[in-house]
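Asks: Sequence first, predicted model second:
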Amino acid sequence: MRCAEYCEVVANRQVATSQFEIQLHSPVVARHAQPGQFVQMRVQSGYEPLFGRPFSVFRTFPERGDFSVIYLVRGTLTQLLAQKRRGDTVFVVGPLGNRFLVRQPAGEVLHVLVAGGVGAPPLYLLAEELVQKGVPRQQVVVVNGARRHDLLVCQEHFAELGVHLWAVTEDGSLGEKGKVTDILKGLSQRGELPSGRCQVYACGPSAMLEAVAKFAQKHDLPCQVSMETMMPCGLGVCLGCAVKVRTSNGIDYKRACVDGPVFDAAEVVWA
Ligand SMILES: Cc1cc2nc3c(=O)[nH]c(=O)nc-3n(C[C@H](O)[C@H](O)[C@H](O)COP(=O)(O)OP(=O)(O)OC[C@H]3O[C@@H](n4cnc5c(N)ncnc54)[C@H](O)[C@@H]3O)c2cc1C
Ligand code: FES
């Protein structure tokens, strides 16, 4: 089930440098959104921007019919979004796309969630779901990375869940210094990522996803990636979100908005 409607802004607060969490009232999204799914949001000043933009669902509050997303102010739409106040409205279509699949029986595998920047919100929703479904907290490993400490997203929310949490920044301003793949390499060298008992889920910038996918392939770990493509329509119509994939018949293209955004990392052909 999905909505396509104006949703009232419940709150819109700054959570870090250029980052806001906006809470919107939509009982449909609040009840039906799954980890990895997104909403297409439209806010316009005149005709700009013409198209909506995709944002991953971060938190849901089904009892009061609200959900939230975390957004980084980048361009026209997010600048307009940052000006929204309680009681204003935003046009929302969603929830859209597929979700991260938890394939192995809960409790028997290590779930390794790898986040980069604003890729963290859908992985928070997944971590919360795993914990709520009874997966022991020490079997949920979160590697949360960003360029700098002020660009690290959801760190305190992951910490509240009590999962095994790593913070990593490229400049070393918080947590370990380096990239998320450095943490994965360390875990692997210590025998903490056993092949066959490990599932990797990743969301973040394309270069990070490619590096994580290649690491997973090298170490024979199943891996799902949430692709960050442009999505003009979000509904499977415009083909503006094509992802190159490997199929049994050769190379093909899939639409990230309806076939994804979550893909098996092994099927993606990296540019
Ligand atoms: C499935 C999905 C989920 C997403 N979830 C979130 C989220 O939870 N929070 C969040 O902040 N953003 C998220 N994004 C990215 C967000 O949709 C874009 O950043 C959006 O374009 C911002 O709109 P804007 O009008 O402010 O900026 P725009 O004017 O669209 O873009 C500003 C600048 O950012 C660049 N840019 C835009 N989109 C991307 C991208 N995907 N990757 C790299 N560079 C880009 C543009 O080239 C331009 O230079 C998600 C994207 C996808 C595909
Ligand atoms: S965004 Fe238009 S087809 Fe995917």
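Replies: Nice, I can see it. Ligands and ions are numbered 1, 2, ... in the order given.

Asks: isn't L187 right up against V141?
Replies: Yes - assessed by C-beta atoms under 8 Å, L187 is found in contact with V141 at 7.5 Å. For glycine as for every other residue, the C-beta is placed from the backbone atoms N, C-alpha and C.

Asks: can you pull the contacts of the closest residue to ligand 2 within the stretch 51-200 of the chain?
Replies: Going by C-beta to the nearest ligand atom, ligand 2 is nearest to P54 of the stretch 51-200 of the chain, at 8.1 Å. Residues counted as contacts of P54 (C-beta atoms under 8 Å, 6 or more residues apart in numbering) are F38, V39, Q40, M41, L96, M231, G234, C257, P261.

Asks: Give me the pLDDT value at the third one.
Replies: The one in question is Q40. According to the prediction, Q40 has pLDDT 96.

Asks: What about the nearest residue to it once chain neighbours are set aside, how many residues nearby?
Replies: Excluding its sequence neighbours, the residue lying closest to Q40 (C-beta to C-beta, 6 or more residues apart in numbering) is G234, at 3.7 Å. Using other C-beta atoms under 10 Å, G234 has 26 other residues around it.

Asks: Figure out the helix or strand that G234 lives in.
Replies: Using DSSP states H and E, G234 maps to neither a helix nor a strand.

Asks: Which of L187 and V141 has more residues huddled nearby?
Replies: A count of neighbours by other C-beta under 10 Å puts V141 above the other of L187 and V141, at 23 against 19.

Asks: did I read that right, the more buried one in a strand?
Replies: Yes - counting by DSSP: H, G, I helix; E, B strand; the rest coil, V141 is part of a strand.

Asks: quick one: contacts for it?
Replies: V141 touches L110, H111, V112, L113, V163, H164, L165, W166, L187, counting by C-beta under 8 Å, 6+ apart.

Asks: Show me the residues you listed that map onto strands.
Replies: Mapping these onto strands (DSSP state E) picks out L110, H111, V112, L113, H164, L165, W166.

Asks: Great, nothing more from me.
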